[in-house]
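Q: compute the structure for the input listed below.
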Amino acid sequence: MSRALRLVRDRHEPADLAHAALAGLRQIRSTIGREVGYGAMRQLDDWLRECIRERSRRRFGGKAPRRTPQPALPARAGPGAVRSSTIVCDAVHTCFLLNALSPGDALLLPAAERLLDALCEGAGGPPAWPTLSDALGAEAGEIGYEPRQPEGLFRVQ
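A: Residues are numbered from 1 along each chain as shown. Next up, the predicted model:
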């Protein structure tokens, strides 16, 4: 995972890095939800929320102010977003394959943490949890595991 993120970091814009890291986190979350279940997916969400909170504390020297100004996720992908997302998602597939051969989740959680670090780097800091939650498709009560289709495409009537 580190090598894939380094490749994206060296060759693409920060917005592309953020979009690629978000694609990787989305893939991890959806696969866990599909293969392990909703409870495991929510445990991952809780873990990500705590990681975001910890990064916010570190950013402000151990004390997060009441109203923490948190950067938004990049709204537009750069020109290399598709390529960078493909590189990162391929690395996520490799992590899943290797994780199946190791005890517990010895490779998956460190990979998710590296993706979260890359997302924070590309976004200019840790995003607010509601923003990240929406981007991951983790709205309250949502059980769908696949990323949503853009409005107007493949509409069933």
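Q: residue 43: neighbouring residues, count only.
A: Here the neighbour count serves as a burial measure; for residue 43 (other C-beta atoms under 10 Å) it reads 13. All C-beta atoms are positioned from the backbone trio N, CA, C, and that covers glycine.
Q: an error on my part: the question was meant for residue 58.
A: Residues near residue 58, counting by other C-beta under 10 Å, number 11.
Q: convert the helix or strand where it lies to PDB, retaining C-alpha atoms only.
A: In this assignment (DSSP states H and E), residue 58 forms part of helix 38-59. Listed next in PDB are the C-alpha coordinates belonging to helix 38-59 (Å, rounded to 0.1, in the frame of the first residue of the first chain):
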ATOM      1  CA  TYR A  38     -23.000  -4.900   8.500                       C
ATOM      2  CA  GLY A  39     -21.700  -5.000  12.100                       C
ATOM      3  CA  ALA A  40     -18.100  -5.300  10.900                       C
ATOM      4  CA  MET A  41     -18.600  -2.500   8.500                       C
ATOM      5  CA  ARG A  42     -19.900  -0.300  11.300                       C
ATOM      6  CA  GLN A  43     -16.900  -1.300  13.500                       C
ATOM      7  CA  LEU A  44     -14.700   0.000  10.600                       C
ATOM      8  CA  ASP A  45     -16.700   3.200  10.600                       C
ATOM      9  CA  ASP A  46     -16.200   3.700  14.300                       C
ATOM     10  CA  TRP A  47     -12.500   3.000  14.000                       C
ATOM     11  CA  LEU A  48     -12.200   5.600  11.100                       C
ATOM     12  CA  ARG A  49     -14.100   8.100  13.200                       C
ATOM     13  CA  GLU A  50     -11.700   7.700  16.100                       C
ATOM     14  CA  CYS A  51      -8.700   8.000  13.700                       C
ATOM     15  CA  ILE A  52     -10.100  11.200  12.300                       C
ATOM     16  CA  ARG A  53     -10.700  12.500  15.900                       C
ATOM     17  CA  GLU A  54      -7.100  11.600  16.800                       C
ATOM     18  CA  ARG A  55      -5.600  13.300  13.700                       C
ATOM     19  CA  SER A  56      -7.600  16.500  14.500                       C
ATOM     20  CA  ARG A  57      -6.200  16.400  18.100                       C
ATOM     21  CA  ARG A  58      -2.600  16.000  16.800                       C
ATOM     22  CA  ARG A  59      -3.200  18.800  14.300                       C
END
